[in-house]
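**Student:** What follows is a protein structure lacking sequence information:
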């Protein structure tokens, strides 16, 4: 059980947590939500022991095995292979593995009591190793790495040679594959594409431990959490259910508090009017005093803090264009003239289409967007753009093109000189810039603020063909929902790359799947695409003959199965031995008591005949239990001998 009791944390003059209290029970799956900078990551630092509260208490069971995925990568070792680095996340398993090997070697030369001690420790370690998933750790790591897009033939490559995004994927596997008791995940989808997000969802769905998840990904929060904890305004509030239910319950609580506050204000106003009206009348003096006392006792209902809304994003209607917006005919592209990223791509996009590009990172999604935008020219084939098509392309690096000295308001106004200031301010409010924030220079904005400002600049005069590369990165949930609503009302054509499945589900009416070096187009939304993909995978699996296991893997599995079978049989026999020894001990105690009663004086009124009959019964049972103990001891000895012969 995890307990936060009146926890207070301050960073300088800023209070992050002010008396926060909540509890997480074993096995719960908790989504942690709240505005950026509210203290969500601080909660994780407290749980890991990296931060000590200024006051209050944080309780985590001492024996808890904890896994923590951070937003910022700080790999422990860069000189290992990818496979070694991933498996190094389970130090306890490695220590047990090394000890088992040492005991196996020691067992060959041990005898007598020493052999018994070694066998006992070996059995305990093998049981522990099995329960922690040690026997299939390597296979799980390989499967997870492959699912996240790693080439199975490159698992022996140096970990340090990977880019930051791929290192983060490896870190995700390293943290999760050894199945810790408590898993802390801080924005795990930041560097993941949609296939990787789906893998993570499947993995965490079957994870048996306690999960705490900080995420702006509604798909992940709804699919995985059964409890939601909101961190906001220094407080922690627990809600039962996933994200969507949390939103409903929070709105219900907000409405209830507003109603209570209005009711209190009405009562206060009525009492004050009564006092003012009858204060001077002696006949009403008692009632007036009663009203005064009622006002003094009345506790103020605190004004609730509503969910911060970024406001509505309203996109102007774009100019109308021709029916066919863009076309690629047998197009291909290579960055080095040798390896084709895309080839033989045939794609026609018509007015009103809303395509989402999905596929593993590095498979050509951004390249395809740039070909459509005209930023890249096809190496073969051709690209055609329709009549009166105006292209708006947002890259992941779009924020870096803004003038650092201009304010947010000036930056957006410069992109639409004919727009009114109120129009620009309304749009900026939709991306989290309101009040004095619109006058902040670009130079002082955070990375996320720069991305939001760049997007507002693009949309202040929307083109009729939008090409968006990861537009939801660095946007919180409220801003993503505001962007969704705006794009749903957008009357132009859209192609988008996004790892936010909830966003893709709402915005896209078609899917372009990257099937290198070409593409596959699916009509219908994301769920239809998944159904088609699942059907194709099932058909391919049914047609595929079972591949024989490699000799090395078969040997490892067979040995693991022998060890597990030995451990199970040995535990069962030892359990019987322990029970029999317990019975023998009790019978011997009873026998001693009966013998002692025979030596008592005649004055003690002892029934010697009954005592002798009791002794006979105890002796008979002792004989039976001793024979049973000898049979079990022989069976245990034979089992250990067979095991030694098999593993010699």
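**Tutor:** Yep, it's here. Small disclaimer: the values here were computed from a predicted structure and weren't measured. Numbers count the residues shown, from 1 in each chain.

**Student:** and residue 443, how many residues sit next to it?
**Tutor:** Neighbour count for residue 443, taken as other CB atoms under 10 Å: 11. C-betas here are computed from N, CA, C, even on glycine.

**Student:** Next one: it from residue 375, what distance?
**Tutor:** Using CB to CB, to the nearest Å, residue 443 is found at 27 Å from residue 375.

**Student:** Likewise for residue 357?
**Tutor:** From residue 357 to residue 375 the distance is 15 Å (CB to CB).

**Student:** Residue 369 too?
**Tutor:** Using CB to CB, residue 369 is found at 8 Å from residue 375.

**Student:** Now the common contact residues for these two.
**Tutor:** Taking CB atoms under 8 Å, 6 or more residues apart in numbering as the criterion, residue 369 and residue 375 both touch residue 393.

**Student:** what about these two, which has more around it?
**Tutor:** Using other CB under 10 Å, the more surrounded residue of residue 369 and residue 375 is residue 369, with 21 against 13.

**Student:** residues touching the residue nearest to the more buried one when sequence neighbours are not counted, list them.
**Tutor:** Using CB to CB, 6 or more residues apart in numbering and skipping the chain neighbours, the partner closest in space to residue 369 is residue 467 (5.0 Å). For residue 467, the contacting residues are 369, 372-373, 391-394, 495-496, by CB under 8 Å, 6+ apart.

**Student:** Then residue 278?
**Tutor:** Taking CB under 8 Å, 6+ apart, we find residue 278 in contact with 284, 287-288.

**Student:** let's see 6 Å
**Tutor:** Residue 278 makes contacts with 284, 288, as judged by CB atoms under 6 Å, 6 or more residues apart in numbering.

**Student:** Let's see the pLDDT reported for it.
**Tutor:** Residue 278 is assigned a predicted lDDT (pLDDT) of 82.

**Student:** what's the answer for the one 3 residues further on, then?
**Tutor:** With respect to pLDDT, residue 281 has a value of 80.

**Student:** swap in the one 10 residues further on?
**Tutor:** Reading off the per-residue confidence, residue 291 sits at a pLDDT of 83.

**Student:** Name the nearest residue to it, sequence neighbours excluded.
**Tutor:** residue 271 (4.5 Å).

**Student:** Helix or strand for the one you found, just tell me which one.
**Tutor:** Element membership for residue 271, per DSSP states H and E: helix 243-278.

**Student:** Can you mark which positions in that helix are buried?
**Tutor:** 243, 246-247, 250, 257, 271, 274-275 (16 or more other CB atoms under 10 Å).

**Student:** so the residue nearest to residue 369 sits in a strand?
**Tutor:** Yes - assessed with DSSP: H, G, I helix; E, B strand; the rest coil, residue 467 lies in a strand.

**Student:** Can you give me the distance of it to residue 494?
**Tutor:** 8 Å.

**Student:** likewise residue 266?
**Tutor:** Distance of residue 266 to residue 494, given as CB to CB: 49 Å.

**Student:** How many residues are close by residue 568?
**Tutor:** 14.

**Student:** Helix or strand: which one has it?
**Tutor:** Per DSSP H and E, residue 568 falls inside helix 551-598.

**Student:** swap in residue 117?
**Tutor:** Using DSSP H and E, residue 117 falls in helix 112-131.

**Student:** now that helix: mean pLDDT?
**Tutor:** 82.

**Student:** Okay, buried residues for it please.
**Tutor:** Buried residues in helix 112-131, counted by 16+ other CB under 10 Å: 118-119, 122-123, 125-127, 129-130.

**Student:** can you redo these as a markdown table with distance to residue 379?
**Tutor:** Shown next, in a markdown table, are those (distance: CB to CB, whole Å):
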| residue | distance to residue 379 |
| --- | --- |
| 118 | 66 |
| 119 | 67 |
| 122 | 62 |
| 123 | 64 |
| 125 | 58 |
| 126 | 58 |
| 127 | 59 |
| 129 | 53 |
| 130 | 54 |
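
**Student:** about what we covered before: elements contacting the helix holding residue 117?
**Tutor:** helix 91-107, helix 551-598 (3 or more CB pairs under 6 Å, 6 or more residues apart in numbering; DSSP states H and E).

**Student:** can you tell me which of the ones you listed the model trusts least?
**Tutor:** The weakest mean pLDDT among the helices and strands packed on helix 112-131 belongs to helix 551-598, with a mean of 73.

**Student:** What separation do you get for the residue nearest to residue 369 and residue 368?
**Tutor:** 9 Å.

**Student:** before we move on, what about residue 162?
**Tutor:** 24 Å.

**Student:** Check residue 543 too.
**Tutor:** To residue 368, residue 543 is 30 Å away according to CB to CB.

**Student:** These two: which has the busier surroundings?
**Tutor:** residue 368 (26 against 7).

**Student:** pretty sure that one belongs to a strand, no?
**Tutor:** No - with three-state DSSP as the criterion, residue 368 is located in helix rather than a strand.

**Student:** Go ahead and report the secondary structure state at the residue lying closest to residue 22 once chain neighbours are set aside.
**Tutor:** Leaving aside its chain neighbours, residue 22 sits nearest to residue 236 (4.5 Å; criterion: CB to CB, 6+ apart). Secondary structure, three-state DSSP: residue 236 is strand.

**Student:** What's the per-residue pLDDT of residue 236 here?
**Tutor:** Residue 236 is given a pLDDT of 92.

**Student:** wait, doesn't it sit right on residue 19?
**Tutor:** No - look at residue 236 against residue 19 with CB atoms under 6 Å: they stay out of range, at 9.2 Å.

**Student:** what's the nearest residue to residue 157 once chain neighbours are set aside in contact with, if anything?
**Tutor:** In space, and not counting its chain neighbours, residue 157 is closest to residue 82: 5.7 Å by CB to CB, 6+ apart. Applying CB under 6 Å, 6+ apart, we find residue 82 in contact with 155, 157, 159, 170.
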